[in-house]
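In: Turn this into a model:
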Amino acid sequence: MSLTLLGKPGCSLCDKMDDVVQRVVGTRLPLQHADVRSDPDWLQRYRYEIPVLLWEGQEIARHRITEEELRERLASLGVPV
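Out: Down below sits the predicted model:
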């Protein structure tokens, strides 16, 4: 199971989404951090859209998400949180 936060250094929205994700999943799910600039496809698709949260490569959030919204989206995917 893979949860990935796409962002870049110095992105305050990315830091805020990271905080939300950490509060919701804690250590129950591994969270990978990836620089959107590290992959040409990500850069083309998400250059101006970060942060983006991916579950198994599928986008589940963009820009902002609340703890409640994240719990609901993960639950709808069958992800235990």
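In: confidence score at the spatially most distant residue from the centre of the chain?
Out: Most distant from the centre of the chain: residue 40, at 18.1 Å, with distances by CA atoms, centre = their mean. We have a pLDDT of 97 for residue 40.
In: Then residue 1?
Out: 76.
In: Spatially nearest residue to it (excluding sequence neighbours)?
Out: Closest residue to residue 1 apart from its sequence neighbours, by CB to CB, 6 or more residues apart in numbering: residue 29 at 6.2 Å. Heads up, the C-betas are built off the backbone N, CA and C, glycines and all.
In: got it, and residue 13?
Out: Residue 13 sits nearest to residue 51 (CB to CB, 6+ apart), 5.5 Å away.
In: gap between the one you found and residue 59?
Out: 11 Å (CB to CB, to the nearest Å).
In: Settle it for me: which of those two has more neighbours?
Out: Taking neighbours as other CB atoms under 10 Å, residue 51 and residue 59 compare with residue 51 leading, 26 against 13.
In: returning to what we had before: what residues does the residue nearest to residue 13 make contact with?
Out: Residues near residue 51 by CB atoms under 8 Å, 6 or more residues apart in numbering: 5, 6, 7, 11, 13, 14, 17, 18, 61, 62, 63.
In: and what of residue 42?
Out: Counted by CB under 8 Å, 6+ apart, residue 42 has contacts 6, 34, 36.
In: how about the second one, secondary structure?
Out: This means residue 34. Three-state assignment for residue 34 (DSSP: H, G, I helix; E, B strand; the rest coil): strand.
In: That one reaches residue 8, doesn't it?
Out: No. Residue 34 is beyond contact range of residue 8, at 9.5 Å (criterion: CB atoms under 8 Å).
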